[in-house]
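In: sharing a sequence plus its predicted fold:
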Amino acid sequence: MTEFFASLSPDAAEQVEYLINNVPFAIWETLYSTVLATILAYVIGLPLGVLLVVGEEGGILPLPRPVMTVLNVVVNLLRSVPFLILMVVVFPLSRLLIGTSIGTKATIVPLFIAAFPFVARLVEASIREMDRGIIEAAESMGCSPLQIITKVILPECVPSLLTGFATAFVTILSYGAMSGAIGGGGLGSMALNRGFTRHQNIVLWGAVILLVILVQIFQTVGTRLAVRLDRRISGKGGRKRRRRETAKKINNERRIGGTM
């Protein structure tokens, strides 16, 4: 392939050679920062999202209203700041924790700070979609709030949480690509600093295509896992539901026939 581009343009051959030599490491940097930032974001965002639902008035673990107000304000405030501006603001914290504000490692701190409020809202939305009757049934059986959270709410919300995880991962991946504009590494840095700045279109579009492929892979995997685990739309769950509905219909008919 390099020989083919060299026959057309020496500059094209140089760009292709640059891609071949640097793409593997750029992909590694992109995935490394994205995966680590996503894990850290879920360490904070998952319990925070649960708390935003169970801690509200009428929830299973109500918290004082000022506490809930502060939590919502913090989440909304961090979500409202554009990522590039947030990254610049967080530079001193990155320098304090990691020792530098430039490079792939330095981007993990702003990625985490930008991502965990987003994750918290995704988790909150997933839990709010849950049937309230299931929680009431667990409460009537004497389950503690912790048991309801760990054994009822989270297991029931797994498909929706997986969909949210895929969305969060893709969003953090796009944030990481944007961080290339101000010192980050990975495919975003390759596309902006090498491709766009130096007008090397092959490098630019090569990095963009790789980012699109990564997004498609992780979004597809997350969606398919969520569909397979969702009993409401999977074949197995559908058959079980139809059996229950049929059995209920038969019992009702028998009950009506007995009264007659």
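Out: The structure has been received and is ready for your questions. Numbers count the residues shown, from 1 in each chain.
In: low-confidence regions, the stretch 151-260 of the chain specifically.
Out: Scanning the stretch 151-260 of the chain with the threshold set as pLDDT under 70 gives 231-260.
In: any idea how far residue 60 lies from residue 116?
Out: Distance, residue 60 to residue 116, using Cβ to Cβ, to the nearest Å: 23 Å. C-beta here means a position set from N, CA and C on the backbone, and glycine is covered the same way.
In: the more surrounded of these two?
Out: Neighbour tally, residue 60 and residue 116, criterion other Cβ atoms under 10 Å: the higher count belongs to residue 116, 25 against 21.
In: pop the domain breakdown of this structure in here.
Out: 2-229, 235-260 (automatic domain parsing).
In: chain center to the first one, what's the gap?
Out: Right, domain 2-229. Centre-to-centre, domain 2-229 and its host chain are 5 Å apart (Cα atoms, centre = their mean, to the nearest Å).
In: report the contact partners of the spatially most central residue of the chain.
Out: Geometric centre of the chain, nearest residue: residue 168, 1.7 Å, by Cα atoms, centre = their mean. By Cβ atoms under 8 Å, 6 or more residues apart in numbering, residue 168 lies in contact with 38, 41, 42, 45, 115, 118, 119, 122.
In: let's see 10 Å
Out: 37-38, 41-42, 45, 115-116, 118-119, 121-123, 161, 222 (Cβ atoms under 10 Å, 6 or more residues apart in numbering).
In: want to throw these into TSV with secondary structure and distance to residue 146?
Out: Output for the contacts of residue 168, formatted as TSV (DSSP: H, G, I helix; E, B strand; the rest coil; distance: Cβ to Cβ, whole Å):
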residue	secondary structure	distance to residue 146
37	helix	28
38	helix	25
41	helix	23
42	helix	19
45	helix	19
115	helix	26
116	helix	22
118	helix	26
119	helix	21
121	helix	23
122	helix	22
123	helix	17
161	helix	18
222	helix	28
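In: that older thread, please identify the deepest-packed of the domains of the chain.
Out: domain 2-229 (a mean of 17; mean count of other Cβ atoms under 10 Å).
In: how about residues contacting the helix or strand where residue 188 lies?
Out: Per DSSP states H and E, residue 188 falls inside helix 187-189. Contacts with helix 187-189, where a contact means Cβ under 10 Å, 6+ apart, come from 22-23, 26-27, 29-31, 33, 103-104, 107, 173-183, 195, 206-211, 214.
In: same question for stretch 211-223.
Out: Applying Cβ under 10 Å, 6+ apart, the external contacts of stretch 211-223 come out as 27, 30-31, 34, 159, 162-171, 173-174, 176-177, 186-188, 190-191.
In: what do you get if the cut-off is 8 Å, keeping everything else the same?
Out: Stretch 211-223 is contacted by residues 27, 30-31, 162-163, 165-167, 169-170, 173-174, 177, 187-188, 191 when judged by Cβ under 8 Å, 6+ apart.
In: just stretch 96-107 next, same as before
Out: 29, 32-33, 37, 87, 91-92, 94-95, 108-109, 176, 179, 183-186.
In: could the contacts of residue 168 go into CSV alongside distance to residue 140?
Out: Converted to CSV, the contacts of residue 168 look like this (distance: Cβ to Cβ, whole Å):
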residue, distance to residue 140
37, 41
38, 37
41, 35
42, 31
45, 30
115, 37
116, 34
118, 35
119, 31
121, 30
122, 29
123, 25
161, 25
222, 34
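In: so which of the residues you listed sits lowest on pLDDT?
Out: In terms of pLDDT, residue 222 ranks lowest among the contacts of residue 168, with 83.
In: ok, the residue nearest to residue 229 when sequence neighbours are not counted - contacts?
Out: Spatial nearest neighbour of residue 229, chain neighbours left out: residue 159 (4.8 Å); criterion: Cβ to Cβ, 6 or more residues apart in numbering. Contact analysis of residue 159 by Cβ under 8 Å, 6+ apart lists 226, 227, 229, 230.
In: I'd guessed the third one sits against residue 160; true?
Out: Meaning residue 229. No: taking contacts as Cβ atoms under 8 Å, residue 229 lies outside contact range of residue 160: 9.7 Å.
In: look up how far residue 116 lies from residue 59.
Out: For residue 59, the distance to residue 116 - Cβ to Cβ - is 21 Å.
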